[in-house]
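Asks: build me a structure from this.
(6 chains)
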Number of protein chains: 6
Amino acid sequence: MRPSNRDAAALRPVTIERGVARYAEGSCLVKFGNTHVLCAASLEDRPPPWLRGQGRGWVTAEYAMLPRATATRTKRESASGRPSGRTHEIQRLIGRSLRAVVDLQAMGERQVVVDCDVIQADGGTRTAAITGAWVALHDCLAWMHHRSMIKHMPVRDHVAAVSCGIVKGEAVLDLDYAEDSSAETDANFVLTGQGGLVEVQATAENAPFTEAQLGSMLALARAGIADLVALQKDAVARKP
Amino acid sequence: MRPSNRDAAALRPVTIERGVARYAEGSCLVKFGNTHVLCAASLEDRPPPWLRGQGRGWVTAEYAMLPRATATRTKRESASGRPSGRTHEIQRLIGRSLRAVVDLQAMGERQVVVDCDVIQADGGTRTAAITGAWVALHDCLAWMHHRSMIKHMPVRDHVAAVSCGIVKGEAVLDLDYAEDSSAETDANFVLTGQGGLVEVQATAENAPFTEAQLGSMLALARAGIADLVALQKDAVARKP
Amino acid sequence: MRPSNRDAAALRPVTIERGVARYAEGSCLVKFGNTHVLCAASLEDRPPPWLRGQGRGWVTAEYAMLPRATATRTKRESASGRPSGRTHEIQRLIGRSLRAVVDLQAMGERQVVVDCDVIQADGGTRTAAITGAWVALHDCLAWMHHRSMIKHMPVRDHVAAVSCGIVKGEAVLDLDYAEDSSAETDANFVLTGQGGLVEVQATAENAPFTEAQLGSMLALARAGIADLVALQKDAVARKP
Amino acid sequence: MRPSNRDAAALRPVTIERGVARYAEGSCLVKFGNTHVLCAASLEDRPPPWLRGQGRGWVTAEYAMLPRATATRTKRESASGRPSGRTHEIQRLIGRSLRAVVDLQAMGERQVVVDCDVIQADGGTRTAAITGAWVALHDCLAWMHHRSMIKHMPVRDHVAAVSCGIVKGEAVLDLDYAEDSSAETDANFVLTGQGGLVEVQATAENAPFTEAQLGSMLALARAGIADLVALQKDAVARKP
Amino acid sequence: MRPSNRDAAALRPVTIERGVARYAEGSCLVKFGNTHVLCAASLEDRPPPWLRGQGRGWVTAEYAMLPRATATRTKRESASGRPSGRTHEIQRLIGRSLRAVVDLQAMGERQVVVDCDVIQADGGTRTAAITGAWVALHDCLAWMHHRSMIKHMPVRDHVAAVSCGIVKGEAVLDLDYAEDSSAETDANFVLTGQGGLVEVQATAENAPFTEAQLGSMLALARAGIADLVALQKDAVARKP
Amino acid sequence: MRPSNRDAAALRPVTIERGVARYAEGSCLVKFGNTHVLCAASLEDRPPPWLRGQGRGWVTAEYAMLPRATATRTKRESASGRPSGRTHEIQRLIGRSLRAVVDLQAMGERQVVVDCDVIQADGGTRTAAITGAWVALHDCLAWMHHRSMIKHMPVRDHVAAVSCGIVKGEAVLDLDYAEDSSAETDANFVLTGQGGLVEVQATAENAPFTEAQLGSMLALARAGIADLVALQKDAVARKP
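Replies: Below you'll find the model as predicted:
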């Protein structure tokens, strides 16, 4: 039995609340249990400098945690003068995941920045961030479409993410912080709505893992992400 | 008539919701209209280095805005590598205001850091932050008291803050962003529950102001802060 | 009796020596007792980037202390890699104060930077800096006028500043460092030559202060600043 | 046919030259074709601060590229003031991979830092770095063992790494830069000598990939890494 | 004839005014023509960390220019976040020059920091700084001696510096900025009171120079430094 | 007898291997005994910003050490966030030395950056770097000439460098690290192929030195540099 009394294949309660950031073109507050991430998409009228003049747009992401999102206070990255390696790694992952399902050509020479700010952290912040960022991005692109800035919605598919782990030799889905700390292997999966793989990251924390264990984790992730995509569909179907 | 249809002496709707940060020793979400600030107090078991061995505690604050708290996205301070002058100015003000009503001796050799993160910004973020920070600090100290870490509550009085301005020659209370942008004079007042002045900051944005105008603004602030203190009392009287 | 044997309403001996920086378009060395500040105004032929193309000019200030201006040596800010919060706060104050009396439109698309470097510090460095910066700025604008770069002098009025404090319950003018350290309340006032208020900043260092005390301090400041403005007039009337 | 005329399952020519850094406790120059990485292991007599007093050691890695390792010059990270996100990501990966096969308890309270400096870069620098770093680390631990600083060699197994990709729909092994730039999917695999998985990272660069493709890449990697481990065994069997 | 109408072997008018920094243990304002440097020596009761416990003291220097010391304003190094390479080079030179004539053993475990701040710059700031720094250091050590902190004065000799150059093929002494800009070779010499060489730095700005030219410059420097040492002797012989 | 059994006037074994950096326009690995420096010249199609539009080119250099080039590991400068003062000093020296023999006009509006990365350090890294950098620069300019980007080779002469020192009162050539640490005086000489002086830097480490000693060191340097220039000539005469 898992510490949270969940089944090996069970997600935590997940909710997606749209339109929480009054000034953003698209936004949502996504909750995976006690992990809460505020995702806000901002439209900028120019792509990044290295892309100018190529007729294409860009989607990028930034990620941060409030200092007291965690059990003990974490120092602000503005105080230490630079985002940490972990922050860089996560925000690059979010950006790549979003771009995998967006038609950058169709966006025109513009950029959308999706800010993922972790209000509360109980494990799985990057997977919650990706899942919520897709909704914020969708709403930002819909905002542009509504104003005829683009001819059609440049979103080709959903994208969502979930963590898995090997705990006491068994694969489990969507770890919270307590479970994550004791997992033998840690993995994050990013899949599209149609089940294509966008990113697989699996790390042995202690002993190496086997190909069979990788397969078990991927099977759990596939099912979990199908549920997350259904929740995204529900969310964007509602009036904001 | 003000853009918000408020009376010159009227606050925006103000609410204070306690206990919003699951892991913090004290926290609240304070709203002054569309300005929303999450205040989280963290207990640290050591005072800052320069205070060690003196038997006293310390209270300090940090302040930041989420990038899309504002109408147009603001760059993260972790990206530019340093908190701005404005950030420094505000977090020093919040810290001073709190320390004015705390018995640092009675805290023992400990520090409380109050993080004030602006989730949404529509003017008056520093005054909302001070007003909410007092509640978060109060709850953190109550948490310590409940665990017998301190003999009595080291809070001597309430402290709260509000902005005033001179708009078209007339003094008005609690400016939102639109009003703030067009004010001839901008002022912030920090007062205690008993009406003592803790901080007065008044700045001519355009033409100089008069002593009479300073007096009018202070009178508005005094009444507004009395209302804010009443809301703080209500908030801490409730079960969290 | 004050430590300096001064009357509550007495300024320290104040002198303003113009033309001390050979290469600057305007400069002065201002002394408030043992506080000495070198103010040098530099004309730059372009306004800051965010103001370009608007037909207006800009006035800004920078502030720093020599490491051994103070009783114990202070670390250089270039070594710590960034100006402190206090430095930012002061240089923003100086800039705002100067801009309050300058017709930016009449300056054309140019910028004047006034560097205020504290050679020796005995309290009141920011108020001495504002008082001297006005003279340096005046001479820089006169330099431009003399070369027909501008049609008329874009200075609308004088601006000067002085500190006040509540010491042992009584209001006193122009505190030196020893008095400042023991003051219950600390205040800085910036006024124009005609007596308009440009900036009021009052901070309780210990116990809160009263509205009456704020009024007493403002009265002292008003008289002190009238004297400082007279000294500015004398200074700019002399041949440099 | 691949641009390099290699078979889909063929590594580039790989060599490992030990003892190249005269002052380091362990070192090697590893070449994967035109990718050359200098790995140097340094023994430090104290673990990192956060591990002190726990009786365990630590292994970490740093990674950098010479500015002209690449086809066009890359700016030095010391000039931009901070290691990039990519650098952080890679050095964290190298460190985790090495720790997966080291008995940190048996090392005592010491740290080994393995510097991986890319002298020439033609794709796969991180996988070459991991493969070489194991040899440098091995020699550093052997140096300690020879001096009786540790009772037995704390290396539990080999660890090596290789990249794979999906190019034109087919899985290929050990991509050079030209191939890497055109791959639809990019993956890095880190395995132990006994074939356990330590790290799997697969990223869709364009279209998503399938579970079958992930399987094909893993099969290629498993065979390639077996060859790399054989080369490591040869290298450490020789007199340095 | 030189632009300044000076003879090839003539120094600019040099003055040394002691005791200009009220709070420093030793100080002087040194002027080489229009180059003015404020030198202030600060006693610190601990040597730098890497020297602790060795029973010896240390002398170091810092160097900076006020932004408007120069004909056009220079950006503050605190704004760019780091001292420039030129600044590092100069302050290391000043420190080495002073240490060449001080008995560090006799100082005890203390440090003297000599701040050399250029108030006005017309060429030769580093040589003026060394010449003045010796006086400030002398007075700081005399201050310590007077308080019986040290048994005898730990100054073994004078040290002073001057620049030379090759202008139109001829060696000249103590270049001002205009001459320095057009010199074919630039050199700085640091000598002791007894004529020993402490530092020779000669740089071809355009065409290489000859050994004979190096000899001519050294001869001029030797005579000029003898004069500077005489001025140092006069200065320290006076009551401060 | 010297620790290395060398004669006072003997260089260490010196070798220059060209073409070691596959992607650079010019490169070499230069060895002065156990000091090994990799020099790589990169052509950039634009001069630095401050030189644009003047029809001239520029040559600059960067210098760094691998962390374990030295007997004990040195922290990376990218981790400390800035190149040290020593690094700045050395790379400025290399750049000046190269520019002394290059016709910048003939280069056109282009820049060559020569990266000097110390692979192994046993004293004299800056002199080895200058000697090797000339070869890398030569080959880069030959590469340009071969492609008709320039009409003739803009190299006017050779430039090379060597260190000298006073050890136990006697002048010696080309010090290794052990000798350098105990030298009473340390000097670096940069000369052209025709024997012109480009840079002389001599520093008393302990007691001052005499003019005669400076002369003895220069004589040794002159002979040593003649040998280095002969090695450069051999190197560039060979097919790369």
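Asks: only C-alpha atoms for contact and neighbour calcs from this point on.
Replies: Fine.
Asks: now do the buried residues in the helix or strand where A:R126 lies.
Replies: Assessed by DSSP states H and E, A:R126 sits inside helix A:125-146. Buried residues in helix A:125-146, defined by neighbour count with 16 or more other Cα atoms under 10 Å in any protein chain shown: A:125-145.
Asks: any residue of it up close to chain B?
Replies: No. Against chain B, helix A:125-146 shows no contacts by Cα under 8 Å from any Cα of the partner chain, the least distance being 12.3 Å.
Asks: list the buried residues for the helix or strand following that helix?
Replies: Downstream of helix A:125-146, the next assigned helix or strand under DSSP H and E is strand A:159-167. Within strand A:159-167, the residues scored as buried using 16+ other Cα under 10 Å are A:V159, A:A160, A:A161, A:V162, A:S163, A:C164, A:G165, A:I166, A:V167.
Asks: next one: stretch A:190-199
Replies: A:V190, A:L191, A:T192, A:G193, A:G195, A:G196, A:L197, A:V198, A:E199.
Asks: by contact count, what packs against the lowest-mean-pLDDT helix or strand in chain A?
Replies: Ranking every helix and strand in chain A by mean pLDDT, DSSP states H and E puts helix A:77-80 at the bottom, with a mean of 73. Using 3 or more Cα pairs under 8 Å, 6 or more residues apart in numbering or on different chains; DSSP states H and E as the contact definition, the elements that helix A:77-80 packs against are helix B:77-80.
Asks: how close does the residue of chain A found nearest chain B get to chain C?
Replies: Closest approach between chain A and chain B, counting by Cα to the nearest Cα: A:S78, at 3.7 Å. From A:S78 across to chain C, the span is 13 Å (Cα to the nearest Cα, to the nearest Å).
Asks: now do A:R222
Replies: In terms of Cα to the nearest Cα, A:R222 sits 49 Å off from chain C.
Asks: does the spatially closest residue to that residue that is not a sequence neighbour sit in a helix, a strand or a coil?
Replies: Once flanking residues are discounted, A:R222 sits nearest to A:G195: 7.0 Å by Cα to Cα, 6 or more residues apart in numbering or on different chains. Look at A:G195: counting by DSSP: H, G, I helix; E, B strand; the rest coil, its state is coil.
Asks: and A:G195, backbone torsions?
Replies: Here is the backbone geometry of A:G195 (degrees, to the nearest 10): phi 90, psi 10.
Asks: same deal with the one 3 residues further on?
Replies: In this entry, A:V198 is assigned phi and psi values of phi -110, psi -40 (degrees, to the nearest 10).
Asks: D:Q201 is in contact with that one, correct?
Replies: No. If you go by Cα atoms under 8 Å, A:V198 and D:Q201 don't touch, sitting 10.7 Å apart.
Asks: quick one: the longest helix along chain A to chain centroid distance?
Replies: In chain A, assigned by DSSP state H, the helix with the most residues is helix A:211-237. Averaged C-alpha coordinates place helix A:211-237 at 13 Å from its chain's average position (Cα atoms, centre = their mean, to the nearest Å).
Asks: tell me the angle of that helix relative to helix D:211-237?
Replies: Angle, helix A:211-237 to helix D:211-237, by axes from the mean of the first three to the mean of the last three Cα atoms, to 10 degrees: 140 degrees.
Asks: one step back: how about residues contacting the least confident helix or strand of chain A?
Replies: With contact meaning Cα atoms under 8 Å, 6 or more residues apart in numbering or on different chains, helix A:77-80 is reached by A:P83, A:S84, B:R76, B:E77, B:S78, B:A79, B:S80, B:G81, B:R82, B:P83.
Asks: how about the residues of chain A by chain B?
Replies: A:21-24, A:40, A:42, A:66-73, A:76-83, A:115, A:117, A:120.
Asks: go again using 7 Å as the cut-off
Replies: Residues of chain A found near chain B (Cα under 7 Å from any Cα of the partner chain) are A:23-24, A:40, A:42, A:68, A:70-71, A:73, A:77-79, A:81-83.
Asks: which of those residues lies closest to E:G215?
Replies: A:G81 (50.3 Å; Cα to Cα).
Asks: residue nearest the middle of chain A, spatially speaking?
Replies: Closest residue to the average C-alpha location of chain A: A:I130 at 1.1 Å, with Cα atoms, centre = their mean.
Asks: identify the residues contacting that one.
Replies: Applying Cα atoms under 7 Å, 6 or more residues apart in numbering or on different chains to A:I130 gives the contacts A:I94, A:A160, A:A161.
Asks: same list (the residues you listed) but as a markdown table, adding pLDDT.
Replies: Converted to a markdown table, the contacts of A:I130 look like this (pLDDT from 0 to 100):
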| residue | pLDDT |
| --- | --- |
| A:I94 | 98 |
| A:A160 | 98 |
| A:A161 | 98 |
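Asks: how about the residue in chain A sticking out farthest from the centre: what's its closest non-neighbour residue?
Replies: Most distant from the centre of chain A: A:G53, at 29.6 Å, with distances by Cα atoms, centre = their mean. For A:G53, ignoring the flanking residues on the chain, the nearest one in space by Cα to Cα, 6+ apart is A:E109 at 7.7 Å.
Asks: and what about that neighbour, helix, strand or coil?
Replies: Under three-state DSSP, A:E109 comes out as coil.
Asks: just to revisit the earlier point, would TSV of the residues of chain A next to chain B with secondary structure, neighbour count and distance to C:L104 be doable?
Replies: Shown next, in TSV, are those (DSSP: H, G, I helix; E, B strand; the rest coil; neighbours: other Cα atoms under 10 Å in any protein chain shown; distance: Cα to Cα, whole Å):
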residue	secondary structure	neighbour count	distance to C:L104
A:Y23	coil	20	32
A:A24	coil	25	34
A:A40	strand	37	38
A:S42	strand	26	34
A:R68	helix	28	44
A:T70	coil	21	49
A:A71	coil	15	51
A:R73	coil	19	46
A:E77	helix	22	38
A:S78	helix	18	34
A:A79	helix	14	36
A:G81	coil	16	35
A:R82	coil	20	37
A:P83	coil	23	39
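Asks: so which of those comes closest to chain D?
Replies: Checking the residues of chain A next to chain B against chain D with Cα to the nearest Cα, the nearest one is A:R82 at 8.0 Å.
Asks: phi, psi for A:N188 please.
Replies: The phi/psi pair for A:N188 (degrees, to the nearest 10) is phi -130, psi 130.
Asks: would you confirm that it contacts A:A160?
Replies: No. Counting by Cα atoms under 7 Å, A:N188 sits too far from A:A160 to count as a contact (10.7 Å).
Asks: pretty sure A:F189 sits against A:E199.
Replies: Yes. With contact defined as Cα under 7 Å, A:F189 reaches A:E199; the gap is 5.8 Å.
Asks: around chain D, pick out the residues from chain A.
Replies: Residues of chain A lying near chain D (Cα under 7 Å from any Cα): A:85, A:88-89, A:100, A:196-204, A:206-210.
Asks: give me the subset of those touching chain F.
Replies: Among the residues of chain A next to chain D, no residue sits close to chain F (Cα under 7 Å from any Cα).
Asks: between the two ends of stretch A:7-15, how far is it?
Replies: 19 Å (Cα to Cα, to the nearest Å).
Asks: before we move on, what about stretch A:77-86?
Replies: For stretch A:77-86, the end-to-end distance is 11 Å (Cα to Cα).
Asks: same deal with stretch A:95-104?
Replies: For stretch A:95-104, the first-to-last residue distance is 13 Å (Cα to Cα).
Asks: ok, back up a step: tell me the spacing between the residue of chain A closest to chain B and B:A64.
Replies: As judged by Cα to Cα, A:S78 and B:A64 stand 9 Å apart.
Asks: A:D45 too?
Replies: A:D45 is 25 Å from B:A64, by Cα to Cα.
Asks: in terms of neighbours, single out the busier of these two.
Replies: The neighbour comparison of A:D45 against B:A64 (other Cα atoms under 10 Å in any protein chain shown) goes to B:A64, with 23 against 12.
Asks: over to that one. Which of the three states is it?
Replies: Criterion first, three-state DSSP; result for B:A64: strand.
Asks: leaving out chain neighbours, which residue sits closest to it?
Replies: That would be B:D117: by Cα to Cα, 6+ apart, it lies 5.0 Å from B:A64.
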